[in-house]
Structures are given as structure tokens and as C-alpha cells.
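In: how does the following fold in three dimensions:
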Amino acid sequence: MNEKHISIAVTSGLMSLIFALFSRYFPINKTKHQSSKSLTELKKEFRTFDILILLLFFVSTPFLVYISYKIFGAISDFRFSNYDDKGYLFLPDRMMWFVPSIFSGLGLSAFIFTAIQKPILKEKYNDYIAYSNLKYGYDSDDIIKILIKFLIILVTGFFIFAINNFASFGTKKIVISNFFQLTESKYEYKEITSIKSIEKLIAPNGNIVIDKHYIIDFSDSNKWSSRQGGDSNYEKDTEMIKFISAKTGLYLKYLEFDK
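Out: Residues are numbered from 1 along each chain as shown. The predicted structure follows:
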């Protein structure tokens, strides 16, 4: 079985499990939205509205993803606007903000369309939710509310970690913060113990690959690697290493592997 078939099998199995859990823990027989009409009657009544609301959802989501991406990027720009412009600032690729933006766009779309359904449908709202429950086999109203809360927590958590993922090599001090590090590590240049140029690394599958990068060792046994904290720009990394070498007086060590 190749990777494509494995991916399809795993995805299908996971989705089946999710829907089974929804049906078990959010059964439609316990929902507060019940209707005296049959599923066939409800389908005829709400078919057009259902298609329209889904179409608007899929049209609005990309727009909200783009807006979220712009907002996250603007906040990041403001966050780092006061850092030493005479030094070197390393941030993750800006495309990183598409990860929370996708979830933010989905959450905002779900919230908006959940909020407008009741004012639009008015007295038909209860029947529509009952129809959705019968169609999907679980209490869709509760699921949407839980999904929105989950997405809020997910986006907020990712944003907090991502906005603190950077490395600044200024004219007087160094400030480093990794993705899961909520506090900043601050160093003076005299605390750098070695600067290394690494030629190769061992990949997770055990293969040896050529991947030129730099590693800076600090006196507290912490280290910074241009692979994790750089701009994926070897030329800029090299410029910064020359800058640090001049500040510290340390020579660059050339190694095949980081030992």
C-alpha cells in the first residue's frame, strides 16, 4: 500500500471516528431543537437556504483567512518595529501566519453564519436546526459552538507562541525566544563561547544530508541554530555570523556535524 492509499485510509478512518464520537456524545434525541415535520418535508423547505448558506460560507472563508493573515502580519510588524535596526532580526517565514489564519477564517465564518441564521429564519430557525441535526446525525448546534470555542483557543495559543518566536542580534545584546518559549533569553556578546559552521546533518530517517547552517553556543549551554531561528537565507545568516565574529573576536569553526 503506497503513501497515497495510506493517507486516504487514515483520513477516512479518522473522519468516521469523529462522526461516531459526535453521534455518541451529542445525540440528536437529546437536542433542544425538535420538529414535528419529517426529514423529507424539512429538506424541501430548507434545501435552497442550505445551499445558499453553504455557498456563502465557502466564499467568505478565504476572504476572512486573508484578512486574518494581514492582521497577524501587521501585529508582528508592530511587535518588532522597535528592535535594533543596526543588527540582525530573524523571524519565521511570514507564510507561518497562514496556519492560524486558516483556523481563524473557519472560526469567524462559522460564528458569523451561526449568528445570522436566527435573525433570517426567525420562527423557522428551530425547524432548520432540527433539519441539520437529522441530516448530520448529531446535535449540530452544540458541535458548532464547541468548534468555535476550540478554534478560538487554538488560534490564540498558536499566535502567542508564534509572536514570541524570533532571534535578535543587536548592536549591544542578543535576544532569543523559541516557539514554545514564552520568556526571552537575553545575552551579551561576551557570553558566546563558539560559532560553528555545520556542513551536514542526520535526517529523522537516518540519512545524512548536506544542510549548511550555523550554530552559536552560549555559556549557559544554550545554543541557537540558523536552521530553526533563521530566515532560511544562507547569505543573510553568513553576514550575521561575520557581524558576531567581529563583535566577539571568535573564529568560525568548520565542522562536518554538530558535535
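In: which parts of the stretch 101-250 of the chain are strands?
Out: Applying DSSP state E, counting those that start in this stretch to the stretch 101-250 of the chain gives strands spanning 166-169, 173-177, 185-188, 192-202, 208-218, 223-225.
In: the helices in the stretch 1-150 of the chain, which residues?
Out: For the stretch 1-150 of the chain, the helices defined by DSSP state H, counting those that start in this stretch occupy 3-25, 39-79, 98-121, 125-136, 140-163.
In: quick one: low-confidence ranges for the stretch 1-150 of the chain?
Out: For the stretch 1-150 of the chain, applying pLDDT under 70 flags the ranges 1-33, 35, 84-85.
In: just to revisit the earlier point, any idea which of the helices of the stretch 1-150 of the chain is most buried?
Out: helix 125-136 (a mean of 20; mean count of other Cβ atoms under 10 Å). To be clear about C-beta, it is placed using only N, CA and C from the backbone, and glycine gets the same treatment.
In: just to revisit the earlier point, quick one: closest of the helices of the stretch 1-150 of the chain to S177.
Out: The closest of the helices of the stretch 1-150 of the chain to S177 is helix 140-163. By Cβ to Cβ, the value is 9.4 Å.
In: which elements pack onto that closest one?
Out: Under the contact criterion of 3 or more Cβ pairs under 8 Å, 6 or more residues apart in numbering; DSSP states H and E, helix 140-163 touches helix 39-79, helix 98-121, helix 125-136.
In: adding mean pLDDT, write the strands of the stretch 101-250 of the chain out as a markdown table.
Out: Rendered in a markdown table, the data for the strands of the stretch 101-250 of the chain read as follows (pLDDT from 0 to 100):
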| stretch | mean pLDDT |
| --- | --- |
| strand 166-169 | 90 |
| strand 173-177 | 90 |
| strand 185-188 | 92 |
| strand 192-202 | 89 |
| strand 208-218 | 88 |
| strand 223-225 | 90 |
